[in-house]
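Novice: My questions concern the predicted model and sequence given below.
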Amino acid sequence: MLEMNALCLVLAYVFLSLLMLTVLIRLALPRLIKIGAIGAASLFYVVVFFSTQGLLGWSAPVGVPARFQVLWTRIVEPNVIQGEAGAIHLWLEELDAANLPTGEPRAYRLPYTANLARRVSKAQKEIEKGNLQGGRAEFFGTGASQSVPAGPLQTGAPPGGDPSGGGLFDPAFLGGQSRNVDLVPLPKPALPPKDMP
């Protein structure tokens, strides 16, 4: 059902773009305006492509929440022969300050690094033993979780659990994947005290 909705959404953009191009051909507008309109319509194809990834249930290549519970993981090792860089898929549920769930579970995709793969593998073994695992994400160069980068990015290593090497124009940074993912045993929720009668 979601795949059909995504296909219909893309087809709707194609139809509207073709309609706009047909109208633009007939209008007596400067060529620069026509080129700009065509460029804007093409840009929306890219926006629709990335927006529909979340609808289809794929692991989204976006930044993980600041605090989360790890529900399950999957590590895809790099394959040099086939030219695949590998990936780490995390199924996470966002947590509030009291370690209570605040949203629905979502699948995230992080670039593969050996360091992150070791930590995720260890967390997965703990989950299989029945020990809840949580985590937090911090931007590099900061000491606390934040929604925007507050300090300079470190260079020299790949993103996804190691310092980012691409700076502000690194696609992984733009997607929020250059956050340091720290996996730890999940503390119990901080519930308010019960009133005793």
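Specialist: Sure thing, it's come through.
Novice: dump the residue contacts of residue 67.
Specialist: 94-97, 99, 134-136, 145 (Cβ atoms under 8 Å, 6 or more residues apart in numbering). Using the backbone N, CA and C atoms, a C-beta is placed for each residue, glycine as well.
Novice: Turn those residues into a markdown table, including neighbour count.
Specialist: Listed next are the contacts of residue 67 as a markdown table, based on neighbours: other Cβ atoms under 10 Å:
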| residue | neighbour count |
| --- | --- |
| 94 | 16 |
| 95 | 22 |
| 96 | 12 |
| 97 | 9 |
| 99 | 16 |
| 134 | 19 |
| 135 | 23 |
| 136 | 18 |
| 145 | 15 |
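Novice: What is the lowest-pLDDT residue among these?
Specialist: Within the set of those, pLDDT is lowest for residue 145 (34).
Novice: Next step: the contacts of residue 67 restricted to helices.
Specialist: Among the contacts of residue 67, DSSP state H puts none in helices.
Novice: out of the residues you listed, which one sits closest to residue 79?
Specialist: Closest approach to residue 79 among these (Cβ to Cβ): residue 135, at 26.7 Å.
Novice: ok, the nearest residue to the closest one once chain neighbours are set aside to residue 113 distance?
Specialist: Nearest non-adjacent residue to residue 135, counting by Cβ to Cβ, 6 or more residues apart in numbering: residue 183, 4.5 Å away. Going from residue 183 to residue 113 by Cβ to Cβ, to the nearest Å gives 13 Å.
Novice: Same check on residue 66?
Specialist: Distance from residue 66 to residue 113, by Cβ to Cβ: 20 Å.
Novice: Ok, residue 69 next?
Specialist: Plainly put, residue 69 is 22 Å away from residue 113 if you go by Cβ to Cβ.
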